[in-house]
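K.L.:
What shape does this take:
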Amino acid sequence: MKKLALMCVMAGACGVSLAQVKPCEELKTEIAAKMDANNVVNYTLEIVDNDKVGDAKVVGSCDGGTKKITYSRK
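P.N.:
Here you go, the predicted structure:
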């Protein structure tokens with residue numbers, strides 16, 4: 001029984017780690033869906049390397065923190 005409980009805890013910890021390494025296209029799609037649901041129109045989401053963000057508004061981080069998703073109005 002103790003082994004089962006330990007395995008559940010370990011599996012949960014692994015799940016948290018994996019959730020933080022989300023692919024950029026997947027996260028971009030999720031963000032776009034939320035913006036569309038809130039009736040946001042005329043916007044662009046772009047996946048950029050961390051050093052290319054500049055003054056853009058960052059709305060997400062993906063690929064283990066190596067890239068950002070930026071938002072801009074059209």
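K.L.:
okay, CA-based contacts and neighbour counts for the rest of this
P.N.:
Fine.
K.L.:
ok, so what distance separates residue 69 from residue 39?
P.N.:
Distance, residue 69 to residue 39, using C-alpha to C-alpha, to the nearest Å: 19 Å.
K.L.:
for residue 74, same thing?
P.N.:
15 Å.
K.L.:
Where does residue 47 fall, secondary structure wise?
P.N.:
strand 43-49 (DSSP states H and E).
K.L.:
following that strand, which helix or strand comes up?
P.N.:
strand 57-62.
K.L.:
So what touches that following strand?
P.N.:
Contact with strand 57-62 is made by 20-24, 27-28, 67-72, as judged by C-alpha atoms under 8 Å, 6 or more residues apart in numbering.
K.L.:
next one: stretch 63-74
P.N.:
Residues outside stretch 63-74 that contact it (C-alpha under 8 Å, 6+ apart) are 20-24, 28, 42-50, 53, 56-62.
K.L.:
Are any of those residues buried, and if so which?
P.N.:
22, 24, 28, 45-48, 53, 58, 60-62 (16 or more other C-alpha atoms under 10 Å).
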